[in-house]
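A.B. asks: based on what follows, work out the 3D shape:
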Amino acid sequence: MIPINILIVDDREENIIALRALLERDDIKIFSTTSPNEGLKLAWENQISIALVDVQMPEMNGFEFVEMLKSNARTRDILVIFVTAISKETKYAVRGLGTGAVDYLYKPLDPYITSAKVDSFIQLARYQADIKKKNLELENFAVIVKNSADIICVVDAHDFRIQTINPASEKIIGSKPATLIGKSIIDFAVEHQRSAFRIKLGEIIKDNISTSVFEFQFNTFSKRIIWAECRVAYQNKALFFNISDVSAQKSYQNQLIKSKENAEYGKKVKEIFLANMSHELRTPINGIIGLTALLHKTELNEQQNGMINLLEVSSQSLLGVINDVLDISKMEAGKFSIVRSPNNLHDLVKSVYGLLKFKADESNIEFLLEIAPDVPVNIMVDSLRLNQILMNLLSNAIKFTERGYVILKISVLEKDANQVKLQFIIEDSGIGISPDRLTNVFEAFEQADDSTASKYGGTGLGLAIVKKLVELKGGEITVKSETGKGSAFTFVNLYMLAAKPKEKAVIEDVKPPVELFENISVLVAEDNVVNQFMLSKMLKDWSMDVDIVDNGRKVLDKLQAKNYDLILMDTHMPELNGYETARSIRINFEEPKRSIPIISLSAAAFDYEQQEAIAAGMNDLLSKPFQPHELHGKIKSLLAPKELVKS
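C.D. replies: Residues are numbered from 1 along each chain as shown. Now for the predicted structure:
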């Protein structure tokens, strides 16, 4: 496979090193430079397919650099991804996309999103290169056709009879010129197209069209039907024909169209996946954990039960997506391992069954479990991964079954003194999978139908992960399905028999009393509504006075008008982000507001992010998702001695 050339242009060497570490793989070749001018030279000389360009550079900014790329025919087709730490405002995105960029990556970079995005554009670059190659071949083929020995003839515009014709007729039609003089050219067309052929020639004459090109199917002397491209000029009551046999071109054109459709379909699947991921990841896991912690301390009424149900749906969806992305990334990188240990297979399977039974009952689906009597109880198995396989397959079966049943069957295929080959069958009476999608159902980002994601949700990674897990465990998975009647997924694996696993000790959870902060005023800057609610409730439970805003500019306005003891600030907010807001506070405010303690709330705690937060003037960093006691501890360590009350 020819490597895809990727160019990284960033004025900071450390950013280039970080991006190289994220992107390094065998099927790409990375060129990098801290100089935009050197970057233009590299792009000209090395057939770059993708460029990751920093927006803010002293010598030449990213927008100017991309404008120069796009102004040159040799480099205008490079896929440009801007890498920036500036605001996510629409005007910046519009300017970047207007210069010809295809996407943005925002610093601090999320390694998984960065890898996923760049991987999708690598695939797109390959598809584009393939399409360009085939289009070039098509153009070359057209040149050959135009310079071949075509039929040249003159036809009377009154009765369409051939007046003169060249010897190429023998090669293409199979008839010598002498036998064709005086015959109607209409007879060349196959019978069912003759009327249309006559009408087309009549329009050329009526409208006095100087040149016209069209295609019809022609008969040959040997009864073979060919596709003929007719280039017709009308002049002096005569039609001048140039007829080419383009049958081969037609066939090849259809192949190219199919190849192009396949390439575009792959791109579409990736785009759907990225759109779904973007939507799914907006739900804040931090808010889920915080709200769950709060609800654990309350007596549950009807309203709270509703909150818990919402939290459960959100947490399952978000955690599933995050785990799927992490797992598929590890598997593709070859860093995923299976750890086997003695486990009670029956208990494991019954636990999965119990977890999903409620979901099946909710949907009025009959959910059955059949474990054959000779299935051993204790085997060597990675319980977490077997659980993941079963949860994925059974959850899918329940999700795609509107009525009827879902059944899990476990049976023994082979057994000796030390090992057993088990067969797991997950069968349902659901919507089924169409035959044209059946062969690709285990591919990443694939779903049974284009509308599946919008109707049923999900990212299309579940079955891909199941297949990889089964294969990593040394097994094999197959599927049989019929549209509208249901599906049956079967996986087979060999397991070593094991002794009874040791009982796990139960550790009693003893929670220390919570200290309350009295007479403490805190300003929370958070643009996510769920996190706003969670933080407000949590802080008020600790006896704090809480104000909440949703962007950095409102932080500055609030701080002008009121005194606070502490600020909790999300790093990624609209208008003015957390870093910019902290810098403004440290530079533009007078004491004591200039020195107010600030805790950064970040979605990811990478080393560079912590350094950026401290450099911006923040006192501490807390990464999402966090537990309430972690926030409590950081607040306690930062605040000046205040009266603390044991609750």
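A.B. asks: tell me the mean pLDDT over the helix or strand that contains residue 585?
C.D. replies: Element membership for residue 585 (DSSP states H and E) is helix 578-588. For helix 578-588, the mean pLDDT works out to 93.
A.B. asks: any stretches of the stretch 501-647 of the chain with poor pLDDT?
C.D. replies: For the stretch 501-647 of the chain, the stretches with pLDDT under 70 are 502-514, 603-609, 640-647.
A.B. asks: wait, residue 586 sits on residue 594?
C.D. replies: Yes - assessed by C-beta atoms under 8 Å, residue 586 is found in contact with residue 594 at 6.0 Å. Backbone N, C-alpha and C define where each C-beta goes, glycine included.
A.B. asks: so these two - more neighbours on which side?
C.D. replies: residue 586 (16 against 13; other C-beta atoms under 10 Å).
A.B. asks: for the more buried one, what are its contacts?
C.D. replies: Residues near residue 586 by C-beta atoms under 8 Å, 6 or more residues apart in numbering: 594, 616-617.
A.B. asks: if we use 10 Å, what do you get?
C.D. replies: 593-596, 598, 616-618 (C-beta atoms under 10 Å, 6 or more residues apart in numbering).
A.B. asks: of the residues you listed, closest to residue 462?
C.D. replies: residue 618 (38.9 Å; C-beta to C-beta).
A.B. asks: closest to residue 386 out of the contacts of residue 586?
C.D. replies: Residue 386 lies nearest to residue 618 out of these, by C-beta to C-beta, at 43.8 Å.
A.B. asks: wait, is the closest one part of a strand?
C.D. replies: No - applying DSSP: H, G, I helix; E, B strand; the rest coil, one finds residue 618 to be coil, outside a strand.
A.B. asks: give me the buried entries from the contacts of residue 586.
C.D. replies: Among those, those scoring as buried are 593, 596, 598, 616-618 (criterion: 16 or more other C-beta atoms under 10 Å).
A.B. asks: circling back to that earlier point, buried residues in the helix holding residue 585, which are they?
C.D. replies: Applying 16+ other C-beta under 10 Å to helix 578-588 flags 578-586 as buried.
A.B. asks: got those residues as CSV, with distance to residue 572 columns?
C.D. replies: CSV is the format used below for these (distance: C-beta to C-beta, whole Å):
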residue, distance to residue 572
578, 7
579, 9
580, 11
581, 11
582, 13
583, 15
584, 16
585, 17
586, 19
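A.B. asks: just give me the closest of these to residue 134.
C.D. replies: Closest to residue 134, out of all of those and judged by C-beta to C-beta, is residue 579, at 47.4 Å.
A.B. asks: so for residue 597, what's the nearest residue that isn't a sequence neighbour?
C.D. replies: residue 638 (4.2 Å; C-beta to C-beta, 6 or more residues apart in numbering).
A.B. asks: also residue 151?
C.D. replies: residue 243 (3.9 Å).
A.B. asks: partner strands of the helix or strand containing that neighbour, with direction?
C.D. replies: If you go by DSSP H and E, residue 243 is part of strand 238-245. Strand 238-245 pairs in its sheet with strand 151-156 (antiparallel), strand 225-235 (antiparallel), by DSSP bridges.
A.B. asks: closest one to residue 545 among those?
C.D. replies: Of those, nearest to residue 545 by C-beta to C-beta is strand 225-235, at 81.3 Å.
A.B. asks: and that closest one, what's buried?
C.D. replies: Using 16+ other C-beta under 10 Å as the test for burial, strand 225-235 gives 226-232, 234.
A.B. asks: outline the domain layout of this protein.
C.D. replies: 4-109, 148-245, 281-336, 339-496, 515-646 (automatic domain parsing).
A.B. asks: and the second one, average pLDDT?
C.D. replies: pLDDT averaged over domain 148-245 equals 91, rounded to a whole number.
A.B. asks: again with the third one
C.D. replies: Domain 281-336 shows a mean pLDDT of 63.
A.B. asks: what of stretch 414-421?
C.D. replies: Stretch 414-421 comes out at a mean pLDDT of 93.
A.B. asks: any buried residues in it, and which?
C.D. replies: Here stretch 414-421 shows residue 420 as buried, counting by 16+ other C-beta under 10 Å.
A.B. asks: what angle do the longest helix anywhere in the chain and strand 225-235 make?
C.D. replies: As assigned by DSSP state H, the longest helix anywhere in the chain is helix 111-146. Orientation of helix 111-146 against strand 225-235 (axes from the mean of the first three to the mean of the last three C-alpha atoms, to 10 degrees) gives an angle of 70 degrees.
A.B. asks: what are the boundaries of the strands in the stretch 501-647 of the chain?
C.D. replies: When assigned using DSSP state E, counting those that start in this stretch, the strands of the stretch 501-647 of the chain occupy the ranges 515-517, 521-525, 545-549, 566-570, 598-602, 620-623, 644-646.
A.B. asks: ditto for the stretch 1-150 of the chain
C.D. replies: Counting by DSSP E, counting those that start in this stretch, the strands of the stretch 1-150 of the chain are 4-9, 28-33, 50-54, 79-84, 103-106.
A.B. asks: in CSV, list the ones you listed along with mean neighbour count.
C.D. replies: Output for the strands of the stretch 1-150 of the chain, formatted as CSV (neighbours: other C-beta atoms under 10 Å):
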stretch, mean neighbour count
strand 4-9, 24
strand 28-33, 17
strand 50-54, 25
strand 79-84, 22
strand 103-106, 17
